[in-house]
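1. predicted model and sequence below, questions to follow.
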There are 2 protein chains.
Amino acid sequence: MSQASVSGSVIKSSLIEPDGGVVVDVIVPESERGSKTLEAESLPKVRLARIDVEWVHVISEGWASPLKGFMRENEYLQSLHFNSLRMGNGTVVNMSLPIVLAIDDETKENIGSSKDVGLVGPDGDLLAILRSIEIYKHNKEERIARTWGTTAPGLPYVEEFITPAGNWLIGGDLEVLKPIKYNDGLDHYRLSPQQLRKEFDRRQADAVFAFQLRNPVHNGHALLMNDTRRRLLEMGYKNPILLLHPLGGFTKADDVPLDVRMEQHSKVLEDGVLDPETTIVAIFPSPMHYAGPTEVQWHAKARINAGANFYIVGRDPAGMGHPTEKRDLYDPDHGKKVLSMAPGLEKLNILPFRVAAYDTVAKKMAFFDPSRSKDFLFISGTKMRTYARTGENPPDGFMCPGGWEVLVKHYERLQAEEATPAAVSA
Amino acid sequence: MSQASVSGSVIKSSLIEPDGGVVVDVIVPESERGSKTLEAESLPKVRLARIDVEWVHVISEGWASPLKGFMRENEYLQSLHFNSLRMGNGTVVNMSLPIVLAIDDETKENIGSSKDVGLVGPDGDLLAILRSIEIYKHNKEERIARTWGTTAPGLPYVEEFITPAGNWLIGGDLEVLKPIKYNDGLDHYRLSPQQLRKEFDRRQADAVFAFQLRNPVHNGHALLMNDTRRRLLEMGYKNPILLLHPLGGFTKADDVPLDVRMEQHSKVLEDGVLDPETTIVAIFPSPMHYAGPTEVQWHAKARINAGANFYIVGRDPAGMGHPTEKRDLYDPDHGKKVLSMAPGLEKLNILPFRVAAYDTVAKKMAFFDPSRSKDFLFISGTKMRTYARTGENPPDGFMCPGGWEVLVKHYERLQAEEATPAAVSA
């Protein structure tokens, strides 16, 4: 059991120590908001893209602890080359994705020799101050190659956010003027690492197992989450809690949108496929990189900071098809292998799971049995979306009816919109 | 002071512990050579390319300690993602370059389910046994992207050795049937890490500083080597020894060949530019990757195993021009930054050096003084080769006359050969 000091008082913060010992919180206290905002107004400004705001959110709540702001060059280089940061005391924390802020030549010139800058959201809101800044070169090619292991055109994060970005990176310490909110009706799902840690304590969890996902929950997912709980009980834990933790930041265009997924997840709990008593559903605010073995480390590391001491990992985590070749971009087994060897993740219990597929004999999702492989039907995300789009029902037992209905309705709306391009979505 | 057990007896092995505690030596003792050779003959065979033999050499003598053979997948993945290997006892050693052996489909099929294979040199010699093999996929694109930070066409090591190589990698433990020799008149320079450690002890060195190079030694290099010695004496060391350690494996076509460089280095010592009393010249048998910040770690790590506890690093180590763009492939400062932060290299003293250039006022190589930058002339490797090729003399004091003459003669021979393409080099 470790303890961390939060806001002056010592609270029991449970099952696993956050990276660096304390969950970073760089949101300005309300009492200082006025003066800091005035100061920010006087500083040179950096205009953020949508993705940058997602990262400000991630950093501000401590998902990336011990990172206190956008990376300076020494952190960037360690992340790029070693997927980890060496701390002052010699310990190592995992940090596999560069969390950086790009600026263009004009912005750099405008900053001049200022030590601090103000960060402005896409709609003109003053969001934060970046302190003791350092500006260094943004070698996009090298960043992409070392993060994704390819520079092939068509990587969603690269095309959307790196290629159009500036040729400089600006690092520094963040002071975020107020909590980042999206006002999309889902903010109540966006629990911070500190809030999650408190909730696990309130529920007296003696194990927390996190499940990262960016897709609707089908009964195969449910099977392995319930099976994990069973295994943890067998190990002697009395009250294992599932953190069902959909990713809420940027996802590629053909993934199911967050609001639809959250509605689908609600139905899965309503229909009793997962037990609400032992499950917490919350949104993980990070954007997706689709960077496979590199990204899965980030997914796991952030959950350490949120208090999860078990992490479930499956086939090809954070993977996708190669953008220009007919194959998976990553070896489907590399994610879990890399995760099990990653520096700074030694304290996390990695739970690799067996593949689940539709058992056409038992007529339900079941763990794949290679001795009767012909009985099993693999239903990929693409296949599932095709079913939903065409209105065709998937095999009985693939997903709970309430959850499936949410998807079908989503695709019906989408098709209606596509059919009448001028129409405004209700 | 650490001690390592070598061949049964404990010898003082000096100033820095080899990675993993012991210098690996996988050369079969002479008494077992006959039986092992017979066994090797009975095994499925893998035909080595020239580059593979260089790596067999490197591994066999322990430059890559604790690596005992070509990497299996768990080592390969750690090298690729973390530039380091976690040992059984939790310690971390640096391992930035994948040291792997590629095979094609036909060879893989031929190996079948054999646990061991025999390794055969390019000219048909049986060189080694690879034990307890593991065959896994060779994703060339990912390997290249993560090692070089680019996949642009024109990387010398990639074009020569990776693109034409097979789609599988085979890892395992090496048993090398006899020491690798080249019979090129330079084998006496090829001291193993154990031989170097013994020599440092014999000379009673209390500091060993290694200088990695693949170019002729000019007076700027000499300046910084001599200056390093001066600094070490100032620090209180009584007998610092310089390991002048030219790389002897594969280099790109326009680099000066090894035999010419070794002759040039001899002249530099003969001419008294470096002091033979406090200098050891030996060949580092590794091939060059030209992989900048990733490769410089390998260069430093291998010298730890050879007993050097200080490592000199300059501008853009192991760098080259970008193969398709008009710029350096790597940020010239990244090499020394990455080296200073690299996992597993904490025990090595990194000595970054200031840039030396030709001082046109003092008429000698000197440390660059930015306050009178106009007085300095930067003479790049390309510029130096142009001088030598055109028979033009470089400025007085750029290189000792004996050393310069070696280069001029080399380029004269080269031009004579180019003029008469049918002629055979003498």
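-> Okay, I see it. Please read these numbers as outputs of a predicted model, since none were measured by experiment. Numbers count the residues shown, from 1 in each chain, chains lettered A, B, ... in the order given.
2. contacts only, for the residue nearest to A:E325 when sequence neighbours are not counted.
-> Leaving aside its chain neighbours, A:E325 sits nearest to A:A152 (7.6 Å; criterion: CB to CB, 6 or more residues apart in numbering or on different chains). The C-beta positions use only the backbone N, C-alpha and C, and glycine is treated the same way. Shown in contact with A:A152 (CB atoms under 8 Å, 6 or more residues apart in numbering or on different chains): A:H322, A:P323, A:T324, A:E325, B:E141.
3. please apply the same query to A:T37.
-> A:L126, A:L177.
4. can you check the one 4 residues further on too?
-> Counting by CB under 8 Å, 6+ apart, A:E41 touches A:G118, A:L126.
5. check which helix or strand it maps to.
-> A:E41 belongs to helix A:33-42 when elements are defined using DSSP states H and E.
6. and that helix, how far from the chain's centre?
-> With CA atoms, centre = their mean, to the nearest Å as the basis, helix A:33-42 stands 31 Å off its chain's centre.
7. list the buried residues for that helix?
-> Of the residues in helix A:33-42, A:K36, A:A40 count as buried by neighbour count, 16 or more other CB atoms under 10 Å in any protein chain shown.
8. report all helices and strands that whichever helix or strand comes after it contacts.
-> Once the chain leaves helix A:33-42, the next helix or strand it forms, by DSSP H and E, is strand A:45-47. If contacts are counted by 3 or more CB pairs under 8 Å, 6 or more residues apart in numbering or on different chains; DSSP states H and E, strand A:45-47 sits against helix A:105-111, strand A:117-120.
9. same thing but at 10 Å, please
-> strand A:102-103, helix A:105-111, strand A:117-120, strand A:126-137 (3 or more CB pairs under 10 Å, 6 or more residues apart in numbering or on different chains; DSSP states H and E).
10. can you list contacts of the third one?
-> Surrounding strand A:117-120, the residues in contact under the criterion CB atoms under 10 Å, 6 or more residues apart in numbering or on different chains are A:36-37, A:39-48, A:52-53, A:56, A:70, A:101, A:103, A:107, A:110-111, A:125-131, A:133, A:135, A:170, A:172, A:174-177.
11. among these, name the buried ones.
-> Applying 16+ other CB under 10 Å to these flags A:36, A:40, A:43-46, A:48, A:52-53, A:56, A:70, A:101, A:103, A:107, A:111, A:126-131, A:133, A:135, A:170, A:172, A:174-177 as buried.
12. tell me the domain boundaries of chain A?
-> For chain A, the TED database gives the domain ranges A:30-176, A:187-284+A:354-416.
13. picking up where we left off before, farthest-separated two in the contacts of A:A152?
-> A:P323 and B:E141 (11.4 Å; CB to CB).
14. what sits in contact with each of these two?
-> A:T150, A:A152, A:L329.
15. next step: the contacts of A:A152 restricted to helices.
-> B:E141 (DSSP state H).
16. all helices for chain A, in order.
-> Assigned by DSSP H, the helices in chain A fall at A:33-42, A:50-61, A:73-82, A:105-111, A:140-148, A:156-157, A:193-202, A:219-235, A:258-270, A:292-305, A:334-341, A:381-390, A:401-419.
17. among those, show me which one is buried the most.
-> Comparing these by mean neighbour count (mean count of other CB atoms under 10 Å in any protein chain shown), helix A:292-305 ranks first with a mean of 26.
18. CA atoms of it as CSV?
-> The C-alpha trace of helix A:292-305 is given here as CSV (Å, rounded to 0.1, in the frame of the first residue of the first chain):
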residue,chain,number,x,y,z
GLY,A,292,0.7,-0.7,-31.6
PRO,A,293,3.5,-1.9,-29.2
THR,A,294,4.6,1.7,-28.5
GLU,A,295,1.2,3.0,-27.7
VAL,A,296,0.0,0.0,-25.6
GLN,A,297,2.7,1.0,-23.1
TRP,A,298,1.2,4.5,-22.8
HIS,A,299,-2.3,2.9,-22.3
ALA,A,300,-0.9,0.8,-19.5
LYS,A,301,1.2,3.5,-17.9
ALA,A,302,-1.7,6.0,-17.7
ARG,A,303,-3.8,3.3,-15.9
ILE,A,304,-1.1,2.9,-13.3
ASN,A,305,-1.5,6.6,-12.6
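19. please see if that helix touches chain B.
-> Yes - interface with chain B: helix A:292-305 contributes A:G292, A:P293, A:T294, A:Q297 (CB under 10 Å from any CB of the partner chain).
20. dump the residue contacts of the third one.
-> When contacts are counted by CB under 10 Å, 6+ apart, A:T294 is found next to A:79-80, A:83, A:96-98, A:146-149, A:318, A:330, A:334-335, A:338, A:342, B:81, B:146.
21. interface residues of the stretch 51-200 of chain A facing chain B?
-> Close to chain B, as judged by CB under 10 Å from any CB, the stretch 51-200 of chain A has residues A:73-75, A:77-78, A:80-86, A:90, A:92, A:94, A:96, A:136-137, A:139, A:141-152.
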